[in-house]
Structures are given as C-alpha cells and as structure tokens.
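J.: no sequence on this one, just coordinates:
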C-alpha cells in the first residue's frame, strides 16, 4: 500500500470473493450438474446450513441478492391484503425502489431507534390495529421484518429478539430477519444471537453472502418445512430462480465448511472498532458505538471535505448545520494496512 | 470418457464458464470497484457490446437470468394497460411461472410455427384488435416478443425479422428479442441476422450469457438511448440489480473480447448437426432440421426408454401413441467425444 | 311503438331497473343507515339469497359490476403463484382489459365449445400439468371459472356442472361461476341447474343484477363461511367496497322478494326464442339454438347491412367471406311489440 | 323528530340521494341508452361540468366510489417505478386497504398539519430526493395527492393550492386533488378555491358525489385532454367501468343543473358550525375550528360515553389520558331539528 494511495471504505461489497470460493468454482467448472439448485453442491450447502442452524428439517433456498430475497420471501408470507411491519429505516422501506409495493404489499413503517424496533412497538401497533374500528379498511399487518445487524450496524440482543418473537407469536404474525450482513453480527463480541437461535425464533431469515465473502448470493432458511408452499415457483415468478444453481451452492458450501461464515467477519468487526478509535483520537465522535463492521461518525463539514480527498466513504445524513454523519464500512476483505493508512490520514 | 459412461445432453447450462472468465475473475478478485454496474469492467463490456452492434449510443444493462431479464424489459416497455404479443410456445407464455402477469401484464399468445411467429400474424392481430368494436375493453398490445433462436432452436431470417420490425413500426409497437441462446444463432451457418441487424431492427434485445459460456448473466441492449427511462430503478424494483456488478461486467468483457461470443457457439452447432446425423443413421427422424444447438427427434417410445438408460435428454412432448419428441442440446462445453459415445449408444 | 322506429337489441343492459327497485329506493331515501353493506336492507337481501340457495351459512357480498366482481373473487381465491382456468372465450380471458393480470394472475385458457368447457378438458389440463416435468416453472391452476349462461348464451346442464365440480374436487381446485346473466339461465326451460345446485357445487358464484333488472350490482355467494377470509378487506383494496351499501342491499332485497329474480328473465327467454324464429322464417339460421336471452345468427353480409339501418345489434365475428355472426339480446325490459316490429323489418 | 330519538352524526353518507336525482332516474327508466358512459346523460353531465370548471376541453369520467377513483387516477398518472406523495393522514395512506400498493405503487407520506401538507414540505421532499446519492434505488415521486377538504375538514386556500401547484410544475410532478367532500368546500364561506381554480391548478381532481347528494358516484376532471391516455381502458382494467353509465351521468347532470352542487353543501356547513357552537357552549372545545361539514371535538371520556347513548358519532383518536377526539359530520341531508335535539342532549 502506497503512503498516498486513496482509501476506500465506501461499502462492504467492493471486492470479489473469498479465495476458497473461486478455487472451488475453478475445480468444478467442467462438471455437468442439474440446474435450479437441484445439484449436489446446493444440497451439500443446504445440509451444512441445516447443521449450523441445528435445524435438520429446515428448507434452504438460494437467491442472488438482498432486495430480490426480501421481495420473494415477503411476497411468499403475505396474503394479498397484508403488509409488512418494518423499521422506517429498513432496507425494504427506503432503498429497494418499491420492490415490496411492486408485489402489491404496503410496508408499514415503525419509528426506529438506531435502526431497531422493539417488541413493545410491535405490540402497540397490533393493539391499535385491532382496536381501530376501521381496521377492515386498512392494510392488515402480516409479517414483521427486522435486519440483523440493522442498517446502522446495531444488533438485536437475544432477549430483544426473543421478545419480538413472542409478540409475533401472540398475534400470529410471522417473523422474518434480513441477514444481509449476518456474518458481521455472528463475528461481534457483543452479539449473543446464534444461527440456532434465529432458526428457533424466526419463521424465516436469510444468511447474507454478497456482503460476507461470496461473489453473490443469499441463503434463505425456513426452519419449519412447508411453511411457505411452492416457494420454488414463487422464486421463478419473481425472476429469482438461478439457472446454474450450483454457483450458489458452491459458494455457500465453502462458506459453511469449517465455520468459515462464522469466522469471516471477525477481522472486519475488529477493524471497524479500530476505525472508530482512529476518529475518536482525532476528536471525531461516533453517532453510535460500532457493534459490527460499520462505523458512523459525526464529522465537521470542512473536515469531511478534506478527508474525502483521500478516503471514500458514505454520506449518511446531515447532522446539523456544521456536521454530517458519514459511514465507513470494513469488510471480510479489508486489510490492517488500510486502517493504518487511514490513521495517518485522519491524524494529519 | 469411459465407454460405458452415462451421457448428458439434457440442457445447455450444465457446466460452469469459459475458462477465460474464471481466470479474469481470479485476476481481479481483490480490486475494489463500485457496485451496481458502475465499475470499469462493466463499462468496458458495454463499450465492446456497442461496437459489436455498431451502435455507439446503445444503452447496455446486465442482469442475472433470462426470466428476470424478460420481466424487467417487458415491464419497462409496457404501460399498465398493455400486454405483450408472443408465440404461444414462447418462454414468457409458458415457462416463467407467470412472471409477466406478476408485473400486471397479459401475454397475448399467437400460434407458433416451430417456435416462430410471422409478420403477417402480427399484422392480422393488430388489424383485428383495431377493428374490434370492444377493443377498449381488451388488453392493448404494447410489445412484440420474439426469441432468436426460438424454443425450437429455429431461426428468424433477416428478411423475416425485417418484416416483423416493419409491421411493429407501422403499428407503433416496439420489438424485443430474447437472445438467451443468441451465441448459437450467431454461430449457425443458416443465420443471416447479425448483432448489428438486431440493433437496427429491435427496440431492445438481450445477449444471453448463462447458456453461452458465462457463469450467469444476460446483457440487455437498448439501441436508442433513453428509450426506457429509469431502467436502472426498474431493475432495482424487480430485485434485478446486481450488487457486485463487475461480476457481470467481467464476464461480458471476456465474451466480447476477440469475438469470443461470436465464436463460442460454433462447435455446439456443429455437434448438434452431428447428433442429428447419429439419429438419422439409426432411422430416427428429426422433428425439424436442427439450425442451432438443439436437436428435436421423433423417437419410438421403447427406443426412447432404452436410450434413457445411457443418455440424459429432455422430454419435449408426446408425438403420437407410439412416439415421443425428445430434445438433445449441445453447448459451448460439449465435446466431440461425447457425440462419439452417443453414436455408439444409438447404433447399438 | 311507431312502425318505422329504430329497434335496439344491442345488449341487455340498456334500460334502468325494475320499477319495484326504484320505488323502494324512493321510499327509503331519507333513512340513515350504516355504510359498506352493514345496513338492514343488505342483511335482509343476504338472508333471502341464503334461503333461495338453501344455504343458511353462506356469505353474501355485493359489488357493482361483473368485471369488478370477477377480479375480486378470483384474487381472493388464488395464491400469488396461481392462475385461473377459463374458456378461451370467457369474459375474463378477453373482455376485462386484463383485470385478472392486473391482480398478478394468469388466465389459463381452454378451447371452448360454444362458450363451454368440459370436465374432461379440465381433467386433461390438470393431468398434463401434474405430469409436466417443468410444472414448477409454470403457473399452477388454482381455480376454475365458468359462466352460466356462457358468453354464447349456452347452459351447463346439471350433469355437466356436477362433473366439473367433481373434477375440481379431485384436484383440490375451487370452482367459481360467473352468473352475470344468471336470471336468464334460471328462466330457461332448458335449464336444470338451480341456485341450490350452484350453492352445492360451487365454491363461489355470483348472481348478476346489472343485466337482470337492477340498476347495477352483483351478489357473490360463498356457500362455505370463511372460505375466503378477509373478503371485505379484499373488496376495499380493489376499490370494490360500495359506500352506501344499502343501494345494493335494496336492489337484491327486491329481486329476491317473491322470487322476482327467478321470474324476471322468463319473458326475455321467450322473446329470444321468438327472435330466433323471426330470422329462421327469413331463412337466416342461428349459429346455435338459443337457450337463454341471446340469439346468435349467421347472416349474409348485405342483409346484415340492410338490417342495421333499422335495428341495432351486436357484431359477433366474421363467419365466412359472405357471412357474419350477429347477436341480438332480449332483456327483462324487452317488449313483445319490439319483437313484432322486428318481424316486420326482417320479413320485408 | 321525537325528543328522545337517537341522533346520528356518524358520517356523511347515511342517506340516499337528493330527490331530484331519484326523480330523474324514475323519469328516464325505460329509455334505452348505450353503456359505459357513452350515453346522452353522461355527455350532458360532462358538458355541464366542463362549463362549471370553465374548461371546455376537459375530459370527465365517472366512477362509483372514492377509493376506486383514487386507485384508477393514481395508477394512470404513475409510471411503474413511481410513488405518490400524500399527507400521512391522507385517505390513500391509511384507509384504502392498500389499494394504491395493490396497483404496485408506494404512498410516500409527509407529516400533516390538520390534514394539510404544504408547498414547502413538497419542495423539501423533492430536493432531498434529488440530492440523495441513492435516489435511483428509491421510489421516485410521480404525483402529489391532496384532499380538498382534507380528512380533518380543513381547506387549502387559493394561495396554498397555487403554491403547491407551482412547486409541482417546477419538479414536473402532476397534482391530483381528491374532492370526496368537495361540495362542502365550495359551500364554505372560508373557501376561496373555485372549480375553475382547481381546473387551472390541478392535472386532475374529482368531484365527489357519494358524500354530496348522489346515491353514489365521483366525477374525475382531467383539464388537459389526453393527459392520461387510454383512461377508459385503465378504468375497465380496475373493474371501475360502470356498465349502465347513464346512472352516473344522470346524477351528475342533476347535480350540475342550476348550480345544485355548489349549493347542496351550504346547509351542512352552517349546521356544522352550529354543532361546534353547541359543544363550545358546553365547554367542549373543537380540536380545530370547523371549516366545512365536519366537527372535531376534544371531549372528556366520561362525557363521551354518556353522549354516545343518545348520539352516534365517530371516534377519531385518543387525545390524552382523559380525553378523546370525536367527529360529528353534517351532510346535505342533515336537518335543523337534528341539531336542535343535539343541543338539548349536550346541554343536559
């Protein structure tokens, strides 16, 4: 790394894939396999995911990206007249270009607390809905959507997720968790929610690959078999059925060999903590303590502009007249030396 | 290849990718690039495709699969009250699980002739529609969808495609061509429609990668810029925007380097012709002369069953009480020795 | 009626309503009632319809028109990945501007025989679907749609409808019957399917008001309660929930008082038979013997043009180079003298 | 009116229609007219509405209810990837059971001020959207939806509506106004927005009939012809095309004869003011000064319960621990003596 090179912490999907994935693709390139996930690699990956979730009967499906996965799963859960409860900052609420509405469903937003919503909020929403004399004229909530970690990199604790699961059960509303960055949750020392817990508490969740070491791909886990009948056809209808399914199978097979998925995010979480320290040492405060691989900082505008000459990062939102919130993301591919160079730039 | 090995001609997407693609992925793995197709590889691929189409202003977008691409392009072309004219055997009519209807649009089927429809049929459809006193109560045709080659491996000639394009212009209906297997059309000695012709005659078409040497991916070409405004957002809304866009860019960049795409299908078309000969020598007739990489055969049922012990192929449809139509597909990855072994099995 | 007046047999919804309906509207005008069908008139109408169907637990909902009713009922029955089997001449297949596709569902057309489809055809469709190796890539049939009488005015016999109901049960596909002109079926001496039979054989059907003596309105009967949960909300979502619901209630209450609905079509069916005779006497043959209130005639083109100067009728379709099929419709409001004048015009 | 009769101010669509409407229906009952709004009464009504709006080229379409009208118009305006900006209390945001999302579009809510949103808010929304680096991943605003009067009975002034129209023009976003209760706006002395102003400032608006003296029906006015091509077919596709269109035509023809529509709401607005006074005299304060036909009151819970024994009204929302906001609505059919009796009940 040259000492004047431009750094890039803009997001966590800028590199290719973990080398073991490319190797396996190379190695298996000339094999002929059945399409659409009916191949041996996909089956092996499914089996390893089931084991990791301690959920031997789980259905596992692979798709190519997060928005696609959310749209398919949510559409599969909801009846035509139902909507999905989500944090107002949830990916489906804001950054999926109306993919949920395209499927005919309303996103029912709840105010967030650093990206999270609570069991109490969901309970209140449900009670208000039930009591509303006009609720037959309104969109019925039919699913709760969470992200673990959230858009703000924050984590639901096991207690929080258990409470939400309990409220969902009480109102017969299934619970679905978006795990686009799940590897970084699993890698965090602050996290106490395991894959096994998620399989126990959720009606479905997805294990993110795209941001967590794969070229692309997300693995949907449906703990109770036949919970979402004809899911295969629903995927096809959404254009989400991948022809050479083994490309997805191979990736998740590698990621779930020797706990790679559980380990792959560890350096990223550590580097994120270091990134936060780098800024704190320069008296630039985090908006919220980093818990996973993302760092949100409240930075004075002129400093931000200066920094942007040497570092790429994400503009999150305006904080006040003179400050902006920016985001730096570490990933499985981020190197120590990048953070070292960042320290140099920030301290200058 | 062992002399008693089971052969597999079931479809044309059973192997991985052309080695040059994997090599380039390996080589570029640690580079950081922007997401969503804004990277340098995607731009390079777009530029090469524009050149191959002799269409310097064309917009080019990459998606991951055929059904997805059809759904997005068709939805982008149609107004909410319009439908798409297609052969009744078209992929969108039958084998996309209602993906077009999911977007709110009707597929308006026209009877096919070995997978093809004609300018005359489209003209009649349009005239009947216009003259129908109730046409304001009906779905207005807003797009014509063809496949080149078709589901039956047949080819539209330049004259036929020109006629269709002329009829479409006459009625102000855009023309869209599904090129899932386009490499095999371009590789056929019977073909006289070039990429340049397609860019001149169509409002959009896609260049298939998944079945033509890529791991996955299809490249949509929109010859006239801004013909489909906000196409990027429409892709996102359909869950069809690929995060690490460079994976698609790299693949098409390799495929459009040194005319690889135009050459990659040649062996497959030659082997398909040989496969047809193998069967003809055993007095098993083709349903229709093979023109590209697929062979359709009318086979006596007991022979079919015997063959199926040693060869995997596709069941197409019942022909009569005693015969079935089967399909064998060659691909860019099929080897001479596979056909040699097939000859042995068929002649036994 | 003047002897040179222009006659109008163009359709069966040209007049207002049965006078008893207007009278009751007048009489109740200043009453205050709850909206959305929760009023006493709607409840009374529901109760009378339940009695007429001998189905005390049936749910009954009122909507304003046929296309709307079909769209709502079909959407309520189908899962997102399912389509509806219908005659290729069915109203939903052709003349509802894609209302079913707007809801995301494909209409799966079956060739008709004078508007009708048979149990055998449905059985074949289902068997073919189940046996198709690719059926997970196709639209799953989730409902059978019939019209009684059909678009051609033909009737399903009790035996035919029973057979269809049996096939539907066998494949767990519900059966829905569009009764836009049901009064004319009930009024026909050729008919042997009663309301009670329909309630026994169908999962839902609607009793048409718009063409059968009401200002507007259709009554959906769902024999088994809770068969379509949240139907009220689905109506609202479709913009099909009528605010002053009592307007619909009053109309059906009147129509189901003293069997008015069962009687109202009788003169129309008789006059249709007379209309057919009028033409037969002039050597103009019916395309098919009239069974209800519509008459389809094969008429020589020059005669058709002459007739059109004095009579309005519907152009159905081209028959051959020199002949056209035209349709004349009688309604509950058609008068003897109109047919008498028609005889004069035709015989001239 | 008996002195102990239960009063009903629950909503403004509890009675039938203005007597002149029923009379005209009676009078024209046996006429034969063309369907779907192609009749002479519909044409006469359209012409009168065009005159009332001083907009001779306006297109006018009739539908049966407000949710239906909103869904059709909004769907006609929006491209598939666009959403509609509305007050978070707007009817389409809350009380249409997801009818807009059913058509594939997101409602983009803006915080309301007593039901209203401002030009400044819309401007900010648009600027934020345009500046957002991720706006291609978000739902593009494609329409602004207002209600005049709003759900809270409040009115946009001419200045406010002009400002909003100006902002809409600036950002090339059309403006659509829901006039479900428009007669009560036109009848208010506080109102300075005429039909002519609306035709000048809006791209479309609807003139409400259901709540304003008709049995049912809303008239959509599209000032610039061909602004929404194929609107007729879009109506059909939504199940919103009324077969016996003259029923709608007759109603609006009567309402727009001798300025009946402009006059019909006057007593209601006066009575609403009296209702407010009745409560103020009993020290029950309005949530906001009544401007049209609705009165919103902050009432102590025990008083509310007592009142509810003698008066039906709407529960709006909880105000605080001890108070609730209730709504009383007067309509064109409300009588002085009802308010007199209310005074008695409230003052007791």
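T.: Perfect, I can see it now. Predicted, not measured: the structure shown is a model, and the values here were computed from it. Residues are numbered from 1 along each chain as shown, chains lettered A, B, ... in the order given.
J.: Need the distance between the two termini of stretch A:187-203.
T.: Criterion Cα to Cα, to the nearest Å; first-to-last residue distance in stretch A:187-203 is 23 Å.
J.: That stretch: which residues count as buried?
T.: For stretch A:187-203, the neighbour count (16 or more other Cβ atoms under 10 Å in any protein chain shown) marks A:187-188, A:191, A:193-195, A:197-199, A:201-203 as buried. C-betas here are computed from N, CA, C, even on glycine.
J.: Most distant residue from the centre of chain A?
T.: In chain A, the residue that sits farthest from the middle, by Cα atoms, centre = their mean, is residue A:133; the gap is 36.7 Å.
J.: Up against chain B, what does the stretch 101-250 of chain A have?
T.: The stretch 101-250 of chain A comes close to chain B at residues A:102-103, A:210-211, A:215-216, A:233-234, A:236-244, A:247, as judged by Cβ under 8 Å from any Cβ of the partner chain.
J.: any idea which of the buried residues of stretch A:187-203 is closest to residue A:168?
T.: residue A:203 (8.0 Å; Cβ to Cβ).
J.: ok, how many other residues are close to the residue in the stretch 151-300 of chain A positioned nearest to chain D?
T.: Residue nearest to chain D within the stretch 151-300 of chain A: residue A:151 (11.8 Å; Cβ to the nearest Cβ). Residues lying near residue A:151 (other Cβ atoms under 10 Å in any protein chain shown) number 23.
J.: now do residue A:67
T.: So residue A:67, with other Cβ under 10 Å, has 27 neighbours.
J.: Rounded mean pLDDT for the helix or strand where it lies, please.
T.: Using DSSP states H and E, residue A:67 sits within helix A:66-77. Helix A:66-77 comes out with an average pLDDT of 98.
J.: and what of stretch A:315-326?
T.: 94.
J.: does chain D sit close to that stretch?
T.: Yes: using Cβ under 8 Å from any Cβ, stretch A:315-326 reaches chain D at residue A:315.
J.: What is the end-to-end distance of that stretch?
T.: Terminal-residue distance, stretch A:315-326 (Cα to Cα): 5 Å.
J.: what's in contact with it?
T.: A:287, A:296-301, A:304, A:313-314, A:327, D:133 (Cβ atoms under 8 Å, 6 or more residues apart in numbering or on different chains).
J.: Would you mind listing which of these are buried?
T.: Buried among these (16+ other Cβ under 10 Å): A:287, A:296-299, A:304, A:313-314, A:327.
J.: Okay, and which of those map to helices?
T.: By the criterion of DSSP state H, membership of the buried ones among the contacts of stretch A:315-326 in helices covers residue A:304.
J.: Now, the buried ones among the contacts of stretch A:315-326 that are in strands?
T.: A:287, A:296-299, A:314, A:327 (DSSP state E).
J.: which bits of the stretch 101-250 of chain A sit near chain C?
T.: A:103-104, A:136-138, A:140, A:230, A:232-234, A:236-237, A:241.
J.: Dump those to a markdown table, plus secondary structure, neighbour count and pLDDT.
T.: Putting these into a markdown table (DSSP: H, G, I helix; E, B strand; the rest coil; neighbours: other Cβ atoms under 10 Å in any protein chain shown; pLDDT from 0 to 100) gives the following:
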| residue | secondary structure | neighbour count | pLDDT |
| --- | --- | --- | --- |
| A:103 | coil | 25 | 96 |
| A:104 | coil | 24 | 97 |
| A:136 | helix | 16 | 95 |
| A:137 | helix | 20 | 95 |
| A:138 | coil | 20 | 96 |
| A:140 | strand | 20 | 97 |
| A:230 | coil | 18 | 97 |
| A:232 | helix | 19 | 97 |
| A:233 | helix | 23 | 97 |
| A:234 | helix | 24 | 97 |
| A:236 | helix | 28 | 97 |
| A:237 | helix | 30 | 97 |
| A:241 | coil | 28 | 97 |
